[in-house]
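*Asks:* dropping a prediction and its sequence here:
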Amino acid sequence: MKLSLALALALLGAVSARHLPEGTLEQEVPGELGSSVLEEELREHKKPHFRMVNQPQTFHEAEKECVRLFGGHLASVHNHPANAFLRSAAKSRTNNAQVWIGGIISSSGGRPFCRWVDKTHWNYTNWASGNPSRSGETCVALCTAGGHWRSASCGTRLPFICES
């Protein structure tokens with residue numbers, strides 16, 4: 001209940017929008033409240049900022065835009081509260097069923113190997129049934145309806161969430 005109230009307040013009162021170069025609408029979404037990841041980053045004087053970008057891009061184009069515009073990367077997700085926060089924020093800001101987050105899946109011998117583009121530790125998953133893909137390279141999309149992750153072709157054009 002406490003987390004739900006905090007998320008609602010964060011979504012209602014702490015979202016700003018501004019126009020970026022080339023007509024991209026950026027919506028800044030504050031970091032998740034009350035999570036150990038956020039508390040650790042605050043102790044280190046880091047404040048994560050998540051930004052939802054509604055202009056659909058391929059995965060690799062989206063990652064380049066996160067670096068270019070915000071000096072960050074596509075968002076990495078390390079716990080359930082962060083996943084729920086990003087799903088809720090994305091659902092309220094796009095009509096798309098999926099958005100890019102920063103995971104890449106490579107397969108070797110039928111076994112998936114997952115990594116984050118920001119090189120942080122892969123310590124949490126929320127895969128939809130039948131995922132991740134076990135063939136070739138695919139990228140991770142967050143489903144805005146249930147918060148599960150799906151493997152998607154990296155060439156698919158989706159809105160995306162940056163973290164800086």
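*Replies:* Received the coordinates, thanks. Quick caveat: nothing in here was measured; it's all calculated off a predicted structure.

*Asks:* please enumerate the strands of the chain.
*Replies:* Defined through DSSP state E, the strands belonging to the chain, from first to last, are 16-19, 25-30, 49-57, 73-74, 98-108, 111-116, 138-143, 149-152, 158-163.

*Asks:* now the ones you listed in a markdown table, with mean neighbour count, distance to residue 123 and mean pLDDT?
*Replies:* In short, each C-beta sits where N, CA and C put it, glycine included. Conversion of the strands of the chain to a markdown table gives the following (neighbours: other C-beta atoms under 10 Å; distance: least, C-beta to C-beta, whole Å; pLDDT from 0 to 100):
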| stretch | mean neighbour count | distance to residue 123 | mean pLDDT |
| --- | --- | --- | --- |
| strand 16-19 | 9 | 30 | 35 |
| strand 25-30 | 19 | 22 | 42 |
| strand 49-57 | 19 | 18 | 94 |
| strand 73-74 | 24 | 16 | 98 |
| strand 98-108 | 22 | 12 | 95 |
| strand 111-116 | 15 | 10 | 94 |
| strand 138-143 | 25 | 14 | 98 |
| strand 149-152 | 22 | 14 | 98 |
| strand 158-163 | 25 | 16 | 97 |
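
*Asks:* how about these, which one is nearest residue 63?
*Replies:* With distances scored as C-beta to C-beta, the stretch of the strands of the chain nearest to residue 63 is strand 73-74 (5.2 Å).

*Asks:* contacts made by that closest one with the rest, please.
*Replies:* In this structure, residues lying in contact with strand 73-74 by C-beta atoms under 8 Å, 6 or more residues apart in numbering are 59, 62-63, 66-67, 100-102, 116-118, 160-164.

*Asks:* let me know the closest of those to residue 135.
*Replies:* When the contacts of strand 73-74 are compared for distance to residue 135 (C-beta to C-beta), residue 59 wins out at 16.7 Å.
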